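Trainee: Prediction below, plus the sequence it came from.
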Amino acid sequence: MAQREDEDRGFDQAARDFDRLGRHLWQPIGRETVRRTEPRTGERVLDACCGTGASAIPAAERVGRDGAVDAVDVSEPLLERLRGNGAHLPSLRAHRADITTWEAGDYDLVQCVLGVFFLPDMAAGARHLIARARRGGRVCFTIWRRGAMVDAGRRLQGALERVTGIAAGERSGHLVDRVDEPDAFADWLRELGLEQVRVTEAPLTLPVSEEIAWLVVTGSGFVAALNGLDDAQIDRVRVEYLRSFREDGVEALDATTLIGVGTRA
C-alpha cells in the first residue's frame with residue numbers, strides 16, 4: 001500500500017512536466033494505441049489510467065459528439081490538465097477514481113495505456129478492466145517492451161546512490177517482467193479470457209537532450225524516486241544523472257511498446 005501511495009504522489013508531482021514530456025513520449029504512444037483500438041463514431045470508451053489524455057483525447061476525437069469517453073485516473077493534477085487539453089471535446093469526461101473500483105460497464109472499448117502494471121495486482125486489475133467491456137467489446141493494454149526505458153531508470157538509480165550513499169534494494173519480481181515480449185504478452189491476454197488477440201510491437205526512440213532526459217524523470221512516475229530529497233540533493237541527482245548520459249555518449253532511449261488488443265468473450 002505504501003508503494004502505491006508513493007506512486008500516486010509521484011504522478012501528482014509529475015503533472016507540471018507530464019505534458020511537456022508528453023509531446024515526445026506519451027502522445028506518440030497514445031496515438032499509436034488508438035490507431036490499433038480504432039474507436040468508432042458513437043462508441044462508449046473507458047480510458048483507464050488516463051494521465052493528461054494521451055489516448056483519451058484521440059479516442060474522444062474519433063467517437064465524436066454521439067460517443068463518450070470516460071477518462072479515469074487517481075491524480076487530480078493530471079486530470080486538471082486533461083480537462084484543459086480536452087475542453088473542446090464534449091464526449092470526454094474526466095473522473096478522479098481508483099480504476100480498480102470502477103463499476104460502470106458495457107463499454108465498446110476499454111483501453112489502458114502504460115497503466116496496468118501500476119495496479120496493486122496487475123492480473124486482478126486487468127480482469128476487472130476486461131469485465132468493464134461488453135461481450136464482444138474490445139480491450140487493449142499497452143506496456144513497455146522488454147528493455148524499454150530501463151536505461152533511464154538505471155541511470156537515475158545510480159545518481160541517487162551516488163548522492164545519498166544509499167544502495168537501492170533489489171526490485172522484487174513483477175508480473176510485467178514475465179510478459180513484456182510479444183508472444184508472452186499475447187499468451188497472457190488469452191489467459192485472461194480475451195479472444196482474437198493481436199499484439200503489435202510499436203518502435204519508438206526518444207532523442208535525449210539534457211532537457212528531455214530530465215523530463216523523463218520529472219514528467220513520469222520516476223519522479224517518486226526523488227521523494228524525501230531536498231532541493232540541493234535533487235539538483236545534485238540531476239547533475240549526476242545527466243553526466244552519465246554525456247559520459248557514455250547516449251543520445252537516445254528505447255521507448256518501444258507492446259500494444260495488445262483482444263475482444264471480451
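Mentor: Received it, and whenever you're ready, just let me know what you need. Residues are numbered from 1 along each chain as shown.

Trainee: Give me the nearest residue to residue 111, chain neighbours excluded.
Mentor: Spatial nearest neighbour of residue 111, excluding adjacent residues (CB to CB, 6 or more residues apart in numbering): residue 140 at 4.3 Å. Every residue, glycine included, has its C-beta placed from N, CA and C.

Trainee: Could you give the secondary structure assignment for the one you found?
Mentor: Here residue 140 is recorded as strand under DSSP: H, G, I helix; E, B strand; the rest coil.

Trainee: beta partners of it?
Mentor: Here residue 140 sits in beta bridges with residue 111, residue 261, going by DSSP bridges.

Trainee: That one contacts residue 110, doesn't it?
Mentor: Yes. Assessed by CB atoms under 8 Å, residue 140 is found in contact with residue 110 at 7.2 Å.

Trainee: Next, count neighbours for residue 165.
Mentor: 7 (other CB atoms under 10 Å).

Trainee: do residue 17 as well
Mentor: 17.

Trainee: just for the stretch 1-150 of the chain, where's the confidence low?
Mentor: 1-13 (pLDDT under 70).

Trainee: All the strands of it, residue numbers only.
Mentor: 44-48, 68-73, 92-96, 107-113, 133-144 (DSSP state E, counting those that start in this stretch).

Trainee: Identify each buried residue in the longest one, please.
Mentor: Just to be clear, that refers to strand 133-144. Neighbour counts over strand 133-144 (16 or more other CB atoms under 10 Å) mark 133, 137, 138, 139, 140, 141, 142, 143, 144 as buried.
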